[in-house]
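K.L.:
Here is a sequence with its predicted model. Questions after.
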Amino acid sequence: MNRRSLRLPVLTVLAASLASLASLSAYAASPGNDPAALAKIRDAAMQSDYAWERTADMTDLIGPRLSGSPGAAAAVAQVAEAMRKLGAKVTLQPVKVPHWVRGVETGELVAYKGRPEGITQRVVLTALGGSGATPAEGLTAPVLVVRSFDELKARAGEVKGKIVLFDVAFDQHMADRGLAGPAYGQGSAYRRDGPRLAAELGAAAALVRSVGGASYRLPHTGGTGLQDNARIPAAAVTAEDAMLMARLAKRGPLSMRMVLTPQILPDADSYNVIADLPGTDKADEIVIVSGHLDSWDLSTGAHDDAAGVASAMAVLDTLKKLDYRPRRTIRMIAWMNEENGARGARGYLAAEEGNAGKHFGAIESDNGAGRPFGMRTSVPPQAMKLFSPLQAALQPLGAGVFQRQDALQTGDLSGLERAGVPSFAPLIDTSSYFDYHHTPADTLDKVDPDHLRRHVAVMTATAWFLANMDQPIGRASVPER
């Protein structure tokens, strides 16, 4: 053995040590929340189409992704592979999800005052998630139109054996004035609770006027609160058909024939996709950035919520391209089963129950891909002033507005928020969101690429800012109901 060969192991060890020191030096040189770094993140996000490309992959290549479906499984694989390509640490967290299949759905008005001989009128409808089924040959029954829960209660004696229609219009005036969320909350209460209340009074079936703004004879699906012991057929009808039925009912008795053949299959195996960009000196603390992977089955779910997942994925892509290493771990989560069960969120919360205190903050994008104007947050009031540098960095995009609420109660983060984790969600123009939400029209062409880039800029800058803050921001304090 010569002297040169003796030196090789020493040189190898020295090289490894130098590489390690270089890595530590890179961590030490991380720009943190320097204004120039925040501006660089913002500008890099605005120059990238990564989120658009991932949204196109999910919608155009896979399509609908209802929990338990082949589309949902394909989306898990697609997102996990994309995150692995970025070098993120990927975990597939198992979760059992509902498996509901739509089946046949038809409706027609078969009897009403003044109907010409031989005439029936088609009703455009779609089964609501969790709906029961009619007999295979269909169900024919009189229609009872009500416009509130109070009216249903007042007419309780008329309900048995009827098809109850909840004719409650979506308040687009509210949506146009920045109150789309409350407008949707008002309308969706009838979709969620109406069929259950009608079933308790002996209704044969329930119909709900679609909860959405655009009246282009599009049905809007969604979940219901129906229970197994009273799972009557339940469907959403278009706004136009609801108004037609209400007018005909004023003329006299109205009867309808409907066929709904959904099935509830055994729970299916699925996953939350978790991708970590590890932190440096505070790696055990976590900042979540997220969207939900599943969609309803009527369309490709571009706004709800492929764009949200893609924006969360793009946070990691932007930081990797800049070679920015956060102090805290930034965790991308593509939640499964937000739409009809929230099993993914509940599974994550159960797994992290003892670790909630290590979750510094959590971001979720699930209000569509309209233009963002800033962030909503549930940080304590005294922490709001800490975000001034972030607001300043986002102001050139017109996205420097920060609004505080005691609780955001976003779908997948609500459990973590109750456990004290402050929530964040992009403050978005949602005035047209409910035109497409839960309809066949929620497709890629409705997403504006510039708005999507702005989403990525807002989410990435916020995630980075949270991951590098020196000051504690405190814990969320959700008021008891």
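P.N.:
Arrived safely.
K.L.:
what's the burial count for the nearest residue to residue 448 once chain neighbours are set aside?
P.N.:
Nearest-residue entry for residue 448: residue 369, 6.9 Å, with adjacent residues in sequence omitted and distances by CB to CB, 6 or more residues apart in numbering. Every C-beta, even on glycine, is put in place using the N, C-alpha and C of the backbone. Neighbour count for residue 369, taken as other CB atoms under 10 Å: 30.
K.L.:
Check the contact between residue 369 and residue 445; I expect there is one.
P.N.:
No: Residue 369 is beyond contact range of residue 445, at 11.9 Å (criterion: CB atoms under 8 Å).
K.L.:
looking at this, residue 402 is in a helix?
P.N.:
No: if the criterion is DSSP: H, G, I helix; E, B strand; the rest coil, then residue 402 is strand and not within a helix.
K.L.:
Tell me, how many residues neighbour it?
P.N.:
Each residue near residue 402 was counted by other CB under 10 Å, and the total is 20.
K.L.:
Next: residue 126.
P.N.:
Here the neighbour count serves as a burial measure; for residue 126 (other CB under 10 Å) it reads 25.
K.L.:
Number the chain from 21, please
P.N.:
Happy to do that; since the first residue is 21 now, the last one works out to residue 146.
K.L.:
Go ahead and confirm it touches residue 256.
P.N.:
Yes: contact criterion CB under 8 Å: residue 146 and residue 256 qualify, at 5.6 Å.
K.L.:
Now do the contacts for residue 82.
P.N.:
If you count contacts by CB atoms under 8 Å, 6 or more residues apart in numbering, residue 82 has them with 91, 94, 95, 98, 320.
K.L.:
please redo it, this time with the cut-off set to 10 Å
P.N.:
By CB atoms under 10 Å, 6 or more residues apart in numbering, residue 82 lies in contact with 89-95, 97-98, 315, 320-321, 326.
K.L.:
hmm, back to that, now do the SS call for the residue nearest to residue 468.
P.N.:
Reducing the assignment at residue 389 to three states with three-state DSSP gives coil.
K.L.:
isn't it right up against residue 322?
P.N.:
Yes: shown here, residue 389 and residue 322 form a contact pair, counting by CB atoms under 10 Å, at 7.6 Å.
K.L.:
Can you check which residues contact both of the two?
P.N.:
With CB under 10 Å, 6+ apart applied, the overlap between the contact sets of residue 389 and residue 322 consists of 75, 330, 466, 467.
K.L.:
Apart from its neighbours in sequence, what residue is nearest the second one?
P.N.:
So that's residue 330. With CB to CB, 6+ apart as the measure, residue 74 is the residue that lies nearest to residue 330, at 3.9 Å, once sequence neighbours are left out.
K.L.:
for the helix or strand where that neighbour lies, packing partners?
P.N.:
Residue 74 is part of helix 70-76, with elements assigned from DSSP states H and E. Other elements packing on helix 70-76 under the criterion 3 or more CB pairs under 10 Å, 6 or more residues apart in numbering; DSSP states H and E are helix 90-105, helix 327-342, helix 469-488.
K.L.:
If we use 8 Å, what do you get?
P.N.:
Applying 3 or more CB pairs under 8 Å, 6 or more residues apart in numbering; DSSP states H and E, one finds that helix 70-76 makes contact with helix 327-342, helix 469-488.
K.L.:
So which elements touch whichever helix or strand comes after the shortest one?
P.N.:
In this case it means helix 327-342. Once the chain leaves helix 327-342, the next helix or strand it forms, by DSSP H and E, is strand 348-355. For strand 348-355, the elements it packs on are helix 90-105, strand 283-297, strand 302-312, helix 327-342, helix 363-371, helix 469-488, judged by 3+ CB pairs under 8 Å, 6+ apart.
K.L.:
and of these, who's closest to residue 220?
P.N.:
Of all these, it is strand 283-297 that lies closest to residue 220, at 19.6 Å by CB to CB.
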